[in-house]
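A.B. asks: Need a 3D model of the following:
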Amino acid sequence: MTFSIAARCPRTGQLGVAALTARPAVGKLVAHVDSGRGAVATQATPNPFLAYDGLPLLGEGWAPRDVLAELLARDPGREVRQAGMVDCQGRSYAFTGSRTAEWAGHRTGPGYAVQGNRLVGPETLAEIVRVFEDSRDLDLAERLVEAVVAGEEAGGDRHGARSATVTVIGDQPYPLWDVRVDDAERPARELRRLHGVFQEDVLPTIQRLPTRDDPMGEAAREALG
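C.D. replies: Numbering: from 1, shown residues only. This next block holds a predicted model:
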């Protein structure tokens, strides 16, 4: 029982997913991001194969609408599924099954898909969209974190909140950002705090790792002199 946002940054091409839920460990269940393919959030009664089978199809050039139509047609549990999907071109699509917990729905726009179930109402998604669209000058990870904070402050899950996550990937196969709050009283606020910690203490290390174009990496180059 969750809200989430899957998104692409048009400036950097980065892809990401952020989510919040009333259960622990939302990052394990909901967020799926693959460099060069896309970003998928699968929730309500999750089906991870919407991501595991969907991301390769996005990588082949399928539109998100066509990917979800193909995969949901094979899924006998589709009426309790909810998913949002964005590809590397910024095309987006979302689905909300007819038997997901009320209030349930989704919003899509260029470069994002926002979806939620068991919410206090549509105002939660409206606030997530507003904050995300109004923060285009920020990096994608921070935009996603602020969208989650806004969603929680707008009412969020009717049963409260317990966990939150943000994952962002750039042009390498490993994430630039992978920050999880697996069990907390105010997970959105804790996600915002950890975003600051990660930015100061972890991101610089990740940016110095080997890349496909630089197999040594800046950190090893400095260590070796």
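A.B. asks: Is residue 3 inside a helix or a strand, and which specific one?
C.D. replies: Here residue 3 sits within strand 2-8, counting by DSSP states H and E.
A.B. asks: For that strand, enumerate the helices and strands it packs against.
C.D. replies: Here strand 2-8 touches strand 15-21, strand 38-44, strand 81-87, strand 112-116, helix 123-133, helix 140-153, going by 3 or more CB pairs under 8 Å, 6 or more residues apart in numbering; DSSP states H and E. Glycine gets a C-beta too; all of them are placed from N, C-alpha and C.
A.B. asks: List the strands paired with the fourth one, with their directions.
C.D. replies: Paired neighbours of strand 112-116 in the sheet (DSSP bridges): strand 2-8 (antiparallel), strand 105-109 (antiparallel).
A.B. asks: just how off-centre is the lowest-mean-pLDDT helix or strand in the chain within its chain?
C.D. replies: The helix or strand of the chain with the poorest confidence is helix 26-29; it has a mean of 90 (mean pLDDT, DSSP states H and E). Between the mean C-alpha location of helix 26-29 and the chain-wide mean there is a distance of 10 Å, by CA atoms, centre = their mean, to the nearest Å.
A.B. asks: Equivalent analysis for stretch 82-95, please.
C.D. replies: That offset, for stretch 82-95, works out to 11 Å (CA atoms, centre = their mean).
A.B. asks: could I get that stretch in PDB with only the CA atoms?
C.D. replies: Extracted C-alpha coordinates of stretch 82-95, given in PDB (Å, rounded to 0.1, in the frame of the first residue of the first chain):
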ATOM      1  CA  GLN A  82      -0.300  -1.000  -9.800                       C
ATOM      2  CA  ALA A  83       2.700   0.000 -11.800                       C
ATOM      3  CA  GLY A  84       4.400   3.100 -13.300                       C
ATOM      4  CA  MET A  85       7.000   3.000 -16.000                       C
ATOM      5  CA  VAL A  86       9.300   5.500 -17.700                       C
ATOM      6  CA  ASP A  87      11.800   4.800 -20.500                       C
ATOM      7  CA  CYS A  88      15.000   6.400 -21.600                       C
ATOM      8  CA  GLN A  89      13.200   8.800 -23.900                       C
ATOM      9  CA  GLY A  90      11.000  10.100 -21.100                       C
ATOM     10  CA  ARG A  91       7.900   8.300 -22.300                       C
ATOM     11  CA  SER A  92       5.700   7.300 -19.400                       C
ATOM     12  CA  TYR A  93       2.700   5.100 -18.600                       C
ATOM     13  CA  ALA A  94       0.900   3.800 -15.500                       C
ATOM     14  CA  PHE A  95      -1.700   1.300 -14.600                       C
END
